[in-house]
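# here is my input, please return the structure:
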Amino acid sequence: LLDIEIIIKRSLLFSALSVLVLTVYILIVKHLSDWLGATTNRQSIVVESLFVLVIVIFLMPIKRYIERLIDNLVFPGRTKIQKRMLAFTKTLAHHIKLKEICTQIVDFVEEIFKIKKIAIFLWDETEECYMPQCERNIEEELVLHPAAINSWFAGYDDAIQVENIAENVQAKTDLEALQKSGIFLLVPIRIKDDLLGCLALGKRRTAAKWEMQDMEFLNTLVNQSAIAISRTLIYEKAQQSERQLLRTEKLVAMGTLSAGMAHEIKNPLHIISGSAETLMNEALNKDEQEEILQFIVDETDRLNGILN
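Next up, the predicted model:
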């Protein structure tokens, strides 16, 4: 995964240049302090210490500037990527929709590391597996089962190569699907011990190899993304619970309304039913019949008013 020879050479070069700068810095401080001591003709330790302190404070910005130049020389592009990553992690805080966050992460990783294929998998409670939330240039339909992904990342906190994953019967199908899709690297998305999912990466478009700084940036990015994803999942669960509560309250209100309407409808029906039975079973004069018929008409109008 990493070009060890390049890492060793750059590390040695960086160390050598850092030692050289530190040596030159110490010599300059020593000579300037000796010169100031000789110029003032004072042998006071306090005065010389103050001179040295002033010189150190004066030369510190220059030393830091030279160290930044060395850092940019040995590790080109690091500062630029760091600035872009800082700006990107700030933008994640402005999104509250999971799909938007996943799309932003995939687009940023694809652009920075020039990845051919990329996908982000997150746990789906409905399907009970890790489903792709956003993907680029992956033709096959990929699904990762918990038994497989948990066995792969057991004992690993950082990225793992797909070709180095040990095969087992339980995870063989998922592993073969990843290899067929051209996935090269898997990076776990965790919050403490909770595995939210993983970032699946294909090979890079250029011939550039993965260097140590690339892996550091990638792990930092995924850690920041995990926080944003976790926050969004908590928000969505809260929204879902709120919607469920509102539905429950509506159902309770509808039940109360239905019970009230049933009571209001039942009384007129009793009157209508009783009036009709009276008309059928008893010999009534014309005035009594008209009075009972009027009861039926009035209660019918009352029912119509309730329903409307």
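# which residues in this protein form strands?
Taking DSSP state E as the criterion, the chain contains strands spanning 118-124, 129-136, 160-161, 183-191, 194-202.
# can you list contacts of the fourth one?
Contacting residues not belonging to strand 183-191 are listed as 1, 117, 119-120, 122, 152-153, 156-163, 165, 178, 195-203, 210, 218-219, 222, 225-227, 229-230 [CB atoms under 8 Å, 6 or more residues apart in numbering]. Every residue, glycine included, has its C-beta placed from N, CA and C.
# I'd like to know which of those are buried.
When burial is judged by neighbour count using 16 or more other CB atoms under 10 Å, the buried members of the contacts of strand 183-191 are 117, 119-120, 122, 152-153, 159-160, 162, 165, 178, 195-202, 210, 218, 222, 225-226, 229-230.
# before we move on, the earlier item: okay if I get the strands of the chain as CSV plus mean pLDDT and distance to T89?
Formatted as CSV, the strands of the chain follow (pLDDT from 0 to 100; distance: least, CB to CB, whole Å):
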stretch, mean pLDDT, distance to T89
strand 118-124, 92, 16
strand 129-136, 91, 18
strand 160-161, 85, 24
strand 183-191, 89, 14
strand 194-202, 90, 15
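# among the ones you listed, which comes closest to I62?
I62 sits nearest to strand 183-191 of all those, at 39.2 Å, using CB to CB.
# hmm, back to that, could I get the strands of the chain as TSV with distance to Y235?
Below are those laid out as TSV (distance: least, CB to CB, whole Å):
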stretch	distance to Y235
strand 118-124	14
strand 129-136	15
strand 160-161	30
strand 183-191	14
strand 194-202	14
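# E290 is nearest to which of these?
Using CB to CB as the measure, strand 118-124 is the one of the strands of the chain that comes nearest E290, at 70.9 Å.
# pull the distance from the closest one to the chain's centre.
The chain centroid and the centroid of strand 118-124 are separated by 11 Å, computed with CA atoms, centre = their mean, to the nearest Å.
# model confidence for the residue nearest to I81 when sequence neighbours are not counted, exactly?
Nearest residue to I81, sequence neighbours excluded (CB to CB, 6 or more residues apart in numbering): F217, at 5.8 Å. Predicted confidence (pLDDT) at F217: the value is 82.
# tell me how many other residues surround F217.
Number of residues near F217 (other CB atoms under 10 Å) recorded here: 20.
# OK, contacts around it?
The contact partners of F217, taken as CB under 8 Å, 6+ apart, are 81-82, 85, 112.
# for T300, which of the strands of the chain is the nearest?
Closest among the strands of the chain, once you apply CB to CB, is strand 118-124, at 55.6 Å.
# what is the closest one packed up against?
Other helices and strands packing on strand 118-124, by 3 or more CB pairs under 8 Å, 6 or more residues apart in numbering; DSSP states H and E, are helix 98-113, strand 129-136, strand 183-191, strand 194-202.
# between strand 194-202 and that strand, find me the angle.
160 degrees (axes from the mean of the first three to the mean of the last three CA atoms, to 10 degrees).
# just the CA trace of strand 118-124, in CSV.
In CSV, the C-alpha atoms belonging to strand 118-124 read as follows (Å, rounded to 0.1, in the frame of the first residue of the first chain):
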residue,chain,number,x,y,z
ILE,A,118,-15.5,5.2,-4.5
ALA,A,119,-18.5,4.4,-2.3
ILE,A,120,-19.6,5.0,1.3
PHE,A,121,-21.5,2.3,3.2
LEU,A,122,-23.6,2.9,6.3
TRP,A,123,-25.7,0.6,8.5
ASP,A,124,-29.3,0.2,7.4
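# state the number of residues packed around the closest residue to I96 other than its chain neighbours.
Taking CB to CB, 6+ apart as the measure, I96 lies nearest to Y235, with 5.6 Å between them; neighbours along the chain are not counted. Neighbours of Y235 under the rule other CB under 10 Å: 13.
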